[in-house]
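**Student:** coordinates for the following, if possible.
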Amino acid sequence: RVLRGYVALLALRVRLHRFGAELLQILALAVLLGVLLYAHRLIM
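**Tutor:** Next up is the predicted model:
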């Protein structure tokens with residue numbers, strides 16, 4: 001049962017690794033944009 005869960009987790013991790021690079025870039029850009037907007041609001 002534990003091994004089965006581990007295999008499922010590993011499969012999910014591989015799937016996320018393929019998908020994750022693009023997702024991580026998008027997330028990083030979104031965070032950067034949010035920080036810039038927040039900084040702009042603080043400066044104004």
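**Student:** so which elements touch whichever helix or strand residue 26 is part of?
**Tutor:** Using DSSP states H and E, residue 26 sits in helix 2-43. Here helix 2-43 touches no other helix or strand, going by 3 or more C-beta pairs under 8 Å, 6 or more residues apart in numbering; DSSP states H and E. Using the backbone N, CA and C atoms, a C-beta is placed for each residue, glycine as well.
**Student:** return the distance of that helix from the chain's centre.
**Tutor:** 0 Å (C-alpha atoms, centre = their mean, to the nearest Å).
**Student:** what mean pLDDT does stretch 11-19 have?
**Tutor:** The average pLDDT within stretch 11-19 is 82.
**Student:** format the CA atom coordinates belonging to that stretch as PDB.
**Tutor:** Output of stretch 11-19 as PDB, limited to C-alpha atoms (Å, rounded to 0.1, in the frame of the first residue of the first chain):
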ATOM      1  CA  ALA A  11       4.700   9.300 -11.500                       C
ATOM      2  CA  LEU A  12       3.000  12.500 -10.500                       C
ATOM      3  CA  ARG A  13       6.400  14.100  -9.800                       C
ATOM      4  CA  VAL A  14       7.700  13.100 -13.300                       C
ATOM      5  CA  ARG A  15       4.500  14.500 -14.900                       C
ATOM      6  CA  LEU A  16       4.900  17.700 -12.900                       C
ATOM      7  CA  HIS A  17       8.600  17.900 -13.800                       C
ATOM      8  CA  ARG A  18       7.700  18.000 -17.500                       C
ATOM      9  CA  PHE A  19       4.800  20.400 -17.000                       C
END
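**Student:** okay, buried residues for it please.
**Tutor:** Within stretch 11-19, no residue is scored as buried using 16 or more other C-beta atoms under 10 Å.
**Student:** same thing with stretch 17-32?
**Tutor:** With the criterion 16+ other C-beta under 10 Å, stretch 17-32 contains no buried residue.
**Student:** kindly report the same for stretch 33-44.
**Tutor:** Per 16+ other C-beta under 10 Å, stretch 33-44 contains no buried residues.
**Student:** now the residue most central in space within the chain: how far from residue 8?
**Tutor:** By C-alpha atoms, centre = their mean, the mean C-alpha position of the chain lies nearest to residue 24, the distance being 4.2 Å. Separation of residue 24 from residue 8 (C-beta to C-beta, to the nearest Å): 22 Å.
**Student:** please consider this matter closed, and thank you.
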